[in-house]
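Asks: Build me a structure from this.
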Amino acid sequence: MTPARARDGWAECPDVPTAGRIIATVTIDHDEVRIEAERTGTFRDCWFDVIIHKADVQAVAIALRPDVPDDFEYSPWNQPEYSTATISHNDPDGVVPAFHTVLSSDKSYWIKALAKLMKEKLLVEVRFEDSKGERT
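Replies: Residues are numbered from 1 along each chain as shown. Modelled structure (predicted):
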């Protein structure tokens, strides 16, 4: 299960390989990142709204991968690598040292745009990593 701080407490979205991706809207405004996400059409649909305050951001790591072709044929045996942005941030309840919220996209543009906004609007350091997790 993936816990997510929702407006009214904790929400859980099951980590099930066949459940599909969770579609999210990410907004960077003032001193926070807001992630509104929803997964529908599965045996256990979920919705959550997460707010990460600038002061809670510990690190942002970007891993860019080649864009997934529009005609890519998805299957359980044929999964592409996505470009990702991993936001490490404080646990608001202090139970663990950090949460790692991972956002992914089949097109690297969206991850690059997120990195740019994190740097320009939140003024946080963003580091880029290669496919082995090494800083570039």
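Asks: remind me which residues of this structure are low pLDDT?
Replies: Across the chain, the stretches falling below the confidence threshold (pLDDT under 70) are 1-20, 43, 131-136.
Asks: Tell me where it has helices.
Replies: Along the chain, counting by DSSP state H, helices occupy 108-121.
Asks: Where do the strands of it begin and end?
Replies: 2-6, 9-13, 23-29, 32-39, 46-53, 57-63, 83-89, 99-105, 126-129 (DSSP state E).
Asks: who's sitting farthest from the centroid in this structure?
Replies: Distance from the C-alpha centroid of the chain, by CA atoms, centre = their mean, peaks at Asp71 (23.9 Å).
Asks: Gly94 versus the residue nearest the centre of the chain, what's the distance?
Replies: Central residue of the chain (CA atoms, centre = their mean): Leu103, 2.0 Å from the mean position. Separation of Leu103 from Gly94 (CB to CB, to the nearest Å) stands at 24 Å. C-beta here means a position set from N, CA and C on the backbone, and glycine is covered the same way.
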